[in-house]
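Visitor: got a predicted model here, sequence first, then my questions.
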Amino acid sequence: MGVIALAIVALPAAGRAQTGPDPSPVIADSTVADSASRVPQRDVGDLARSILGRPVNTEVETELRPGLSLTILPSLGYNPAYGAYFGASVAIGGWLGNPKTTSLSSGAAGATYSTEGQTSVQFRSDFYLPDNQWALKVDWRYLDTSQPTFGLGPDMAGRPEYPMEFVLYRSYQTVYRRVSESPVYVGLGYHFDRYDEIHDTRAEAGETTPYGTYMSGTPSHTQSSALSANILIDTRDNSINASRGLFWNASLRAYDPWLKSDSLSQTLWSDFRSFTRLKRNSPNVLAIWAYLWFTFGQAPYLDLPAIGWDTYGRSGRGFVQGHMRGTNQAYLEFEYRMRFTRDGLWGGVLFGNLIGTTDADGGAFSGMDKGIGGGLRVKFNKRTNTNLSVDAAFGQDTTPRVFLGLQEAF
């Protein structure tokens, strides 16, 4: 969060082998009842070809599975807390079965290193097996990082920063089974978080800090281990860039010492998203994202709900990751997605979010933090309808923050 990133790719392709549906005649969502649905769609590769006069491919084809492609991107960026960073990322998109009966699978892997000596290695995926009989969700992370925390509860003007350093080892995996021929899935998961080498800089200097107060001390490591029961409903027409349908994923996680967890606690996570065209003949989409993240018992401080710590780290555009942290958090975001050109190459978004966070007492939400912004979209891959996104957003401190990514925020 709060990172300015740059991604460039120019992969020459001659005689590219086609996998999956024909990517060129019409947009992937060809059910749009307007004239644009018959306009040949373009992406970054087509744009580069028109400039360079030679084929340029936005995919690195793999023979691991027909229909599944990889996009390799260098990653460059800067954040005042992290310094400049560099690395590489791989976006995964495609079908693991017949596209007529199998949802689009997506994933992302990446590794970066910063000038402040911080390392990040991550892999996250949403895979749908043939005919949508099974779904697999994974979130694996290794982070050797530092970031400020600001105590618990909603944002308050002028509240101090409390720098912290830590190493995170995360392993989340959930397996879902489809219920009959419905869009409903049920699943079981295992979730593990271990924070090592925790350094609370101001506590080590003798000050009282939110981490020390909440944890009744300053432990150098914490560990959480849980089994979960999960439900998933997914009717989206495209899991990478939906134009209609809804998504709901709920998870109840039980952390217990017999699983080698430091404390007995529970977490309830509910993630709801809907995608609607306000006009039948328009390709523009109103997208809504709402999540609830509640804890029960004494969850470790760094495991508490915090902005930007959702699975893909995309909540709270306009705020720095971890700026609001509490025992419970409620989040609501609206985004209006517009297509600027009929060939789908250029588009844009306007968005706003509301964030409610409780303090250590877990009482009622005392206020709502707000963020607003807008962004530009460039079609990166027309086969999977993937966009390159550049967003500028403002939180309550009115400091502009820029976010760049491959795929939508949600």
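Guide: That came through, no problem. Residues are numbered from 1 along each chain as shown.

Visitor: where do the strands sit along the stretch 101-250 of the chain?
Guide: Ranges of strands in the stretch 101-250 of the chain, per DSSP state E, counting those that start in this stretch, are 105-114, 119-128, 134-149, 162-178, 184-200, 222-234, 245-255.

Visitor: of these, which is nearest N381?
Guide: strand 105-114 (11.1 Å; Cβ to Cβ). C-beta here means a position set from N, CA and C on the backbone, and glycine is covered the same way.

Visitor: following element in sequence after the lowest-mean-pLDDT helix or strand in the chain, please.
Guide: The least trusted helix or strand in the chain, going by mean pLDDT, DSSP states H and E, turns out to be strand 11-12, with a mean of 32. For strand 11-12, the following helix or strand on the C-terminal side (DSSP states H and E) is helix 44-52.

Visitor: export that next one as PDB, just CAs?
Guide: What follows is helix 44-52, C-alpha atoms only, in PDB (Å, rounded to 0.1, in the frame of the first residue of the first chain):
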ATOM      1  CA  VAL A  44      -1.100  -3.500 -24.900                       C
ATOM      2  CA  GLY A  45       0.400  -6.000 -27.400                       C
ATOM      3  CA  ASP A  46      -1.700  -4.700 -30.200                       C
ATOM      4  CA  LEU A  47      -0.800  -1.100 -29.300                       C
ATOM      5  CA  ALA A  48       2.900  -1.900 -29.200                       C
ATOM      6  CA  ARG A  49       2.600  -3.700 -32.600                       C
ATOM      7  CA  SER A  50       1.000  -0.700 -34.200                       C
ATOM      8  CA  ILE A  51       4.000   1.400 -33.000                       C
ATOM      9  CA  LEU A  52       6.800  -1.000 -33.500                       C
END
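
Visitor: the residue sitting nearest the centre point of the chain: what secondary structure?
Guide: By Cα atoms, centre = their mean, the chain has its centre lying nearest to Y312, at 2.2 Å. Going by DSSP: H, G, I helix; E, B strand; the rest coil, the secondary structure assigned to Y312 is coil.

Visitor: gap between it and T358?
Guide: Plainly put, Y312 is 23 Å away from T358 if you go by Cβ to Cβ, to the nearest Å.

Visitor: tell me where the model's unsure across the stretch 301-410 of the chain.
Guide: Low-confidence segments of the stretch 301-410 of the chain (pLDDT under 70): 362, 398.

Visitor: mind listing the strands for it?
Guide: Listed in chain order, the strands of the stretch 301-410 of the chain (DSSP E, counting those that start in this stretch) span residues 328-339, 346-357, 368-381, 386-394, 400-406.

Visitor: who are the contact partners of the residue nearest to the centre of the chain?
Guide: Taking Cβ atoms under 8 Å, 6 or more residues apart in numbering as the definition of contact, the neighbours of Y312 are 124, 410.

Visitor: let's have the strands of the stretch 101-250 of the chain in JSON lines, adding mean pLDDT.
Guide: Converted to JSON lines, the strands of the stretch 101-250 of the chain look like this (pLDDT from 0 to 100):
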{"stretch": "strand 105-114", "mean pLDDT": "87"}
{"stretch": "strand 119-128", "mean pLDDT": "91"}
{"stretch": "strand 134-149", "mean pLDDT": "92"}
{"stretch": "strand 162-178", "mean pLDDT": "95"}
{"stretch": "strand 184-200", "mean pLDDT": "96"}
{"stretch": "strand 222-234", "mean pLDDT": "97"}
{"stretch": "strand 245-255", "mean pLDDT": "96"}
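
Visitor: to R401, which of those lies closest?
Guide: Comparing those by Cβ to Cβ, strand 134-149 comes nearest, at 14.3 Å.

Visitor: buried set for that closest one?
Guide: Within strand 134-149, the residues that count as buried by 16 or more other Cβ atoms under 10 Å are 134-147, 149.

Visitor: could you tell me the angle between that strand and strand 105-114?
Guide: Inter-element angle recorded for strand 134-149 and strand 105-114: 30 degrees (by axes from the mean of the first three to the mean of the last three Cα atoms, to 10 degrees).

Visitor: starting from strand 134-149, tell me which strands it pairs with and how they run.
Guide: Neighbouring strands of strand 134-149 in its sheet, by DSSP bridges, are strand 119-128 (antiparallel), strand 162-178 (antiparallel).

Visitor: any idea how far D310 is from R124?
Guide: To R124, D310 is 11 Å away according to Cβ to Cβ.

Visitor: actually V90, not the one I typed
Guide: 11 Å.

Visitor: look at those two and report which has more neighbours.
Guide: With neighbours defined as other Cβ atoms under 10 Å, V90 and R124 compare such that R124 has more, 19 against 16.

Visitor: skipping adjacent residues, who's closest to that one in space?
Guide: For R124, the nearest residue in space outside its immediate sequence neighbours is D139; the separation is 4.9 Å by Cβ to Cβ, 6 or more residues apart in numbering.

Visitor: ok, what's across the strand from that neighbour?
Guide: Here D139 shows beta-bridge partners R124, Y172, assigned using DSSP bridges.

Visitor: so what's A84 scoring on pLDDT?
Guide: A84 is assigned 67 on the pLDDT scale.

Visitor: and stretch 359-375, which residues are buried?
Guide: Within stretch 359-375, the residues that qualify as buried by neighbour count (16+ other Cβ under 10 Å) are 359-360, 365, 369, 371, 373-375.

Visitor: closest one of the residues you listed to Q266?
Guide: Within those, proximity to Q266 (Cβ to Cβ) peaks at A360, which comes in at 16.9 Å.
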